[in-house]
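> okay, here's the prediction I keep looking at, along with the sequence it came from:
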Amino acid sequence: MSLVRAALASERRTASLGNLIDQARGGRTWAGPAVNDESALRLGAVWQCVNFLADLISTLPLDAYRKTGTVRAEVSPTPQIISAPAVSVDRVGFLRQLMTSLLMNGNAYGQVQAVNALGYPTQIELIAPTSVSHFREGATGNQFVRVNGVRHDLWPLGDVWHVAAFQFAGSPVGLSPIGYARQTIGMGLAADEHGARWFGDGAHPTMVVKGKKPIDQATAQIIKQRIMDSVKGREPLAIGDDLDVSPWQMSLADSQFLDAIKANRQTIHGYFFPHLLMSEDTSMTYANVEQRSLDLLTYSVQPWLVRLEEALTALLPKPQYVKFNADAIVRVDAATRYRMHDVAIRGGWRSRNRVRELEDEPPIEGGDEHLWPPYRAFPLESDQQ
């Protein structure tokens, strides 16, 4: 056995249920259409969910902090891996690509392009997850990846950074949501195709002409041409007493695909929004719009924020860490927001300039001082003794 073959024989590709499903993703589903990362996005429900979460999270403010004891201070200047993590795209584009890879594939990969004096990455270019395969040397050896067939070690030992979602115990790779939802997505694509063909390519006649007497082929062709000319010219249609013209009615079987599309959309939303946030049945009053925003943050967005914060924090030297500002998700009216600011200032845990910064107002002299001791609008019993 050659040295090359011996080396390959010692490598074991990591196997997981997600890997096995991904191997079949290029095949056709039971409903007919083939489902992969590209075709899945052609389904409106998948595009809507992926685009919504990727846009929402990538546009949230992201800052780096240093915590010493109980004191937290913002790192200045902001580390480059946070402010400008890639050359090809800006910070928002980088986070959007990162989120899209995780949502579609369950894994995100990036190649470290530059490091600082401490060896921590300063620039990372993201890689298409479909071009990466995981391997292990022997039964218990080091894990590594092959990017388009070329071997790379994982960071911090190598130059490939990996973020995984939906992991099973013992598997280094994340599960593929598209792989697990193949049949549901395939059914949605099939329903969309059926609807498009039904309305578009003449899979059904637009109207039916019935005669009291048999109509030969030549007469039928003349009647059809006169009806088509009348419709195109938007002119009145004149027919004899022995003919009856009526539009083609959609049968019950043909109309059921509309219900199938709606049910399929709700099922797919459940993959991305467990509490079916986007259900059309919910009343859109202002009160529950605010509550829906809070549900969105708590049940659907917060787990992704924590996952990204942990992954990005690992790229910074301790005790630095990164944090998303998710306040923008929960929208409240101006009166409520100002009352919250007032409580924060009076409580001594937020300065006036910090509040002004949140409201896009310039700082004022002396505004960086915190109110201490905190002002109590309702003195405690202990204060009166």
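Everything's here; your move. Owing to the predicted nature of the structure, the values given are computational and were not obtained by experimental measurement.

> strands along this structure, start to end?
For the chain, the strands defined by DSSP state E occupy 11-13, 62-68, 71-74, 107-115, 121-127, 132-137, 143-147, 150-153, 160-164, 207-211, 243-247, 320-324.

> between those, which one is nearest to Asp295?
Each of the strands of the chain has some distance to Asp295 by Cβ to Cβ; the shortest is strand 320-324, at 17.6 Å. For every residue, glycine as well, the C-beta is placed using N, CA and C.

> tilt between the closest one and strand 62-68?
Angle, strand 320-324 to strand 62-68, by axes from the mean of the first three to the mean of the last three Cα atoms, to 10 degrees: 140 degrees.

> still on that earlier bit, out of the strands of the chain, which comes closest to Val87?
For these, proximity to Val87 was assessed by Cβ to Cβ; strand 121-127 is nearest, at 6.2 Å.

> partners of that closest one, with directions?
Pairing partners of strand 121-127, with direction, according to DSSP bridges: strand 107-115 (antiparallel).

> got the strands of the chain as CSV, with mean neighbour count columns?
Below are those laid out as CSV (neighbours: other Cβ atoms under 10 Å):
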stretch, mean neighbour count
strand 11-13, 13
strand 62-68, 15
strand 71-74, 10
strand 107-115, 20
strand 121-127, 20
strand 132-137, 17
strand 143-147, 18
strand 150-153, 13
strand 160-164, 20
strand 207-211, 12
strand 243-247, 11
strand 320-324, 19
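
> indicate which one of those is closest to Ala40.
Using Cβ to Cβ, these put strand 107-115 closest to Ala40, at 15.5 Å.

> list the buried ones in stretch 47-61?
By 16 or more other Cβ atoms under 10 Å, the buried positions in stretch 47-61 come out as 49-50, 52-54, 56-58, 60.

> find the nearest non-adjacent residue to Pro156, please.
Using Cβ to Cβ, 6 or more residues apart in numbering and skipping residues adjacent in sequence, the residue nearest Pro156 is Gly119, 7.5 Å away.

> state the number of residues packed around the one you found.
Using other Cβ atoms under 10 Å, Gly119 has 8 other residues around it.

> and Val173, by the same measure?
Neighbours of Val173 using other Cβ under 10 Å come to 26.

> what does Gly170 give?
For Gly170, using other Cβ under 10 Å, the count is 8.

> swap in Arg292?
Counted with other Cβ under 10 Å, residues neighbouring Arg292 total 17.

> pLDDT wise, what is it at?
Arg292 is assigned 73 on the pLDDT scale.

> tell me how far Asn353 lies from Tyr120.
Applying Cβ to Cβ, to the nearest Å, the value for Asn353 to Tyr120 is 31 Å.

> where exactly do the helices run in this protein?
For the chain, applying DSSP state H gives helices covering 3-9, 17-23, 37-40, 44-58, 80-83, 91-105, 177-180, 182-200, 217-233, 252-272, 286-295, 302-313, 334-346, 352-358.

> show me what the fifth one is packed up against.
Packing contacts for helix 80-83, counted by 3 or more Cβ pairs under 8 Å, 6 or more residues apart in numbering; DSSP states H and E, involve strand 62-68, strand 121-127.

> let's have those strands in TSV, adding distance to Val145 and mean pLDDT.
Output for these, formatted as TSV (distance: least, Cβ to Cβ, whole Å; pLDDT from 0 to 100):
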stretch	distance to Val145	mean pLDDT
strand 62-68	26	89
strand 121-127	9	95
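
> of all those strands, which lies closest to Trp349?
Smallest distance to Trp349 across the helices and strands packed on helix 80-83 (Cβ to Cβ): 15.8 Å, for strand 62-68.

> what helices or strands is that closest one leaning on?
strand 71-74, helix 80-83, strand 320-324.

> mind redoing it with 6 Å?
Packing partners of strand 62-68 (3 or more Cβ pairs under 6 Å, 6 or more residues apart in numbering; DSSP states H and E): strand 71-74, strand 320-324.

> Gln97 is nearest to which of those?
Using Cβ to Cβ, the nearest of the helices and strands packed on strand 62-68 to Gln97 is strand 320-324, at 16.7 Å.

> so what touches that closest one?
Under the contact criterion Cβ atoms under 6 Å, 6 or more residues apart in numbering, strand 320-324 has outside partners 60, 62-66, 75, 305, 309, 312-313.

> quick one: closest of the strands of the chain to Leu358.
strand 62-68 (13.0 Å).

> what lines up beside that closest one in the sheet?
For strand 62-68, pairing defined by DSSP bridges yields strand 71-74 (antiparallel), strand 320-324 (antiparallel).
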